[in-house]
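[1] Sequence plus predicted model, see below.
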Amino acid sequence: MAGLISPDTVVPRLGVAVSGGADSLALLHILQEAGGVDLFAVTVNHGLRPEAASEALHVARICEGLGIPHDVLEWSGWDGKGNLQDQARRTRYRLLADWGRKRGVDAIALGHTRDDVAETFLMRVARSSGVDGLAAMAPRFERDGMAFMRPLLDRGRAELREILVERGVRWVEDPSNEDTAFDRARIRAALPGLAPIGLTVDVLAETAAHLRDASDALNEIAVRWMAENLRLAAGDILFDRTALSRQPLEIKRRIVGRSLQWVASEEYPPRGAALGRVLAALSGESEGRNLTLHGCHVMVSDMTFRITREFAAVARLETVTDAPWDGRWHLDGPHLPGLVVRALGDDLTHCPDWRNTGVPRESLRASPAIYEGDTLIAAPVAGLTEGWTATCGEKEDVIAGLVPH
């Protein structure tokens, strides 16, 4: 598998996401012919087109001929509301990650190509994106607890189709690739017209790669600063306000964005104007010092910059006591049937020692508490322990989101 997966990456069992399109089918054949790894293929059927089922069957037959186990994952969860493409993408990754864990694979390979990098770059330029938005796709990343790889980022779409033609393999054309209602389809149609002025797929992809290097370097600076200056307390992230304010804007954007992302247990940090309001509060350029966004409550004082969970974001969140709560909290104590974990909220008044914790009221209201029905049993963060403890990750967990892969 030389040239596809870095030699320091160990993936004895590799999943391959195969849609039936040329890129993913070429990836499947390239990996199969390279050998040296156990392959498992998977197709996600979003059920959005009548042809999807037959396309999944087409992939299944190809995999059978190659001797590769193949599974089909079905999704029928779209209710017709919201951004369809975004929901489908998020669901696809979640389904793939769940499948990968069940199959016991070490990573899942995706068929993104050099053309995808160039198209994404232009889409982001049109949205006035910054360094991170314009940076090339990462060759390896983690999502929903699963490692994903993009081994074909240095290969072009035309080259991959030639591989399939040589092998007599038929692929499926997704009609959405030609539907100009979608940004990517419009960009794809415009690309040939840019080539005469030097904006070829190769040039655009190379530029995106340079920006990926720049983004990684900026992240490394932010990581080093956070390792020395970030403090965790009762699930909150705290910084010395003066020290953080002195950092360059691009570094502050990364530090604050990643911190908000971690506290909120979100897939992405806030962007644009939303993040700008927080940075303005940090630097004293806005009148308000306390604000809420991204499911977080930000408190700015003369000395500190504190990010805590917003109570409203977790007010209806409930889990059993031995499951993670809000993506970060783990409770340990006398687990018994009938006990659940909910946000403490106004029941903080039933915790007589909460002021002795030194934790702000807003932080405690959004902290986990153990209930039996409507009866408060324990609120360990607020000082009502009753044999319970609550832990919420380490500094390394926050920083890990910025470490280049």
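    Alright, I've got the coordinates. Small disclaimer: the values here were computed from a predicted structure and weren't measured.
[2] does the most centrally placed residue in the chain count as helix, strand or coil?
    In the chain, the C-alpha nearest the mean C-alpha coordinate belongs to Glu267, at 3.8 Å (CA atoms, centre = their mean). Assigned state for Glu267: coil (three-state reduction, DSSP: H, G, I helix; E, B strand; the rest coil).
[3] which ones are touching it?
    Arg90, Arg143, Gln261 (CB atoms under 8 Å, 6 or more residues apart in numbering). Bear in mind the C-beta positions are built from the backbone N, C-alpha and C, glycine included.
[4] Among those, name the ones in helices.
    Arg90, Gln261 (DSSP state H).
[5] wait, which of the contacts of Glu267 is closest to Val105?
    When the contacts of Glu267 are ranked by distance to Val105 (CB to CB), Arg143 comes first, at 14.1 Å.
[6] quick one: the closest one and Leu95 touch, right?
    No. Between Arg143 and Leu95 there is no contact under CB atoms under 8 Å: 11.5 Å.
[7] Tell me which of these two has more neighbours.
    Taking neighbours as other CB atoms under 10 Å, Arg143 and Leu95 compare with Leu95 leading, 20 against 14.
[8] Pretty sure the more buried one sits in a strand.
    No. Read with three-state DSSP, Leu95 is helix and lies in no strand.
[9] How about the contacts made by it?
    Val44, Leu73, Trp75.
[10] Most neighbours among those, please name it.
    Neighbour max across the contacts of Leu95 (other CB under 10 Å) = Val44, 22 neighbours.
[11] Tell me the spacing between that residue and Glu119.
    21 Å (CB to CB, to the nearest Å).
[12] Show the low-confidence segments of the stretch 151-300 of the chain, by residue range.
    286-288 (pLDDT under 70).
[13] run the last query once more with 50
    Judged against pLDDT under 50, the stretch 151-300 of the chain has no low-scoring part.
[14] Next: the stretch 1-150 of the chain.
    Across the stretch 1-150 of the chain (using pLDDT under 50), the flagged ranges come out as 1-3, 7.
[15] Adding distance to Arg277, write the contacts of Glu267 out as TSV.
    Below are the contacts of Glu267 laid out as TSV (distance: CB to CB, whole Å):
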residue	distance to Arg277
Arg90	25
Arg143	27
Gln261	16
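[16] quick check, nearest of the contacts of Glu267 to Gly35?
    Taking the contacts of Glu267 together and measuring to Gly35 by CB to CB, the closest member is Arg143, at 27.4 Å.
[17] Roughly how far does the closest one sit from Val37?
    21 Å.
[18] got it, and Arg309?
    41 Å.
[19] Among the two, which residue is more densely surrounded?
    Between Arg309 and Val37, counting by other CB under 10 Å, Arg309 is the more crowded of the two (26 against 20).
[20] Would you agree that one is in contact with Gly235?
    Yes. The criterion here is CB under 8 Å, and Arg309 meets it with Gly235 at 6.6 Å.
[21] what do the two both touch?
    Val263, Ser363, Ser367.
[22] ok, which stretches of the stretch 101-250 of the chain are helices?
    114-126, 131-134, 157-167, 183-194, 201-229, 241-245, 249-264 (DSSP state H, counting those that start in this stretch).
[23] and the angle from the longest one to helix 114-126?
    Per axes from the mean of the first three to the mean of the last three CA atoms, to 10 degrees, the angle that helix 201-229 makes with helix 114-126 is 70 degrees.
[24] cool, and the fourth one?
    Calculated by the same axes, to 10 degrees, helix 183-194 forms an angle of 100 degrees with helix 114-126.
[25] Please name the bridge partners of the nearest residue to Glu394 once chain neighbours are set aside.
    Closest residue in space to Glu394, ignoring its immediate chain neighbours: Leu232 at 7.2 Å, by CB to CB, 6 or more residues apart in numbering. Beta bridges link Leu232 to Ile237 when assigned by DSSP bridges.
[26] ok, Leu232 - how many residues close by?
    Neighbours around Leu232, by other CB under 10 Å: 15.
[27] Could you pull up the residues touching it?
    Leu238, Cys392, Gly393, Glu394, Lys395, Val398.
[28] Help me confirm that the third one is found in a strand?
    No. When three-state DSSP is applied, Gly393 is found to be coil, with no strand at that position.
[29] now it, nearest residue through space, not along the chain?
    Using CB to CB, 6+ apart, the closest residue to Gly393 is Arg328 (5.4 Å).
[30] Trp354: what's its closest spatial neighbour, skipping adjacent residues?
    Per CB to CB, 6+ apart, closest to Trp354 is Ala382, 4.4 Å.
[31] can I assume that neighbour is in contact with Ser367?
    Yes. Using CB under 8 Å, Ala382 is in contact with Ser367, at 6.3 Å.
[32] okay, and the common contacts of those two?
    Leu344, Val359.
[33] Which helix or strand contains the most far-flung residue of the chain relative to its centre?
    Note on the chain: the largest C-alpha distance from the chain mean falls to Pro352, namely 39.3 Å (CA atoms, centre = their mean). Per DSSP states H and E: Pro352 is located in neither a helix nor a strand.
[34] Next, the contact list for it, please.
    Going by CB under 8 Å, 6+ apart, the list of residues near Pro352 reads Gly383, Leu384.
[35] and if you look at the one 4 residues further on?
    When contacts are counted by CB under 8 Å, 6+ apart, Asn356 is found next to Gly383.
[36] Look up how far Pro337 lies from Ala52.
    Distance from Ala52 to Pro337, by CB to CB: 42 Å.
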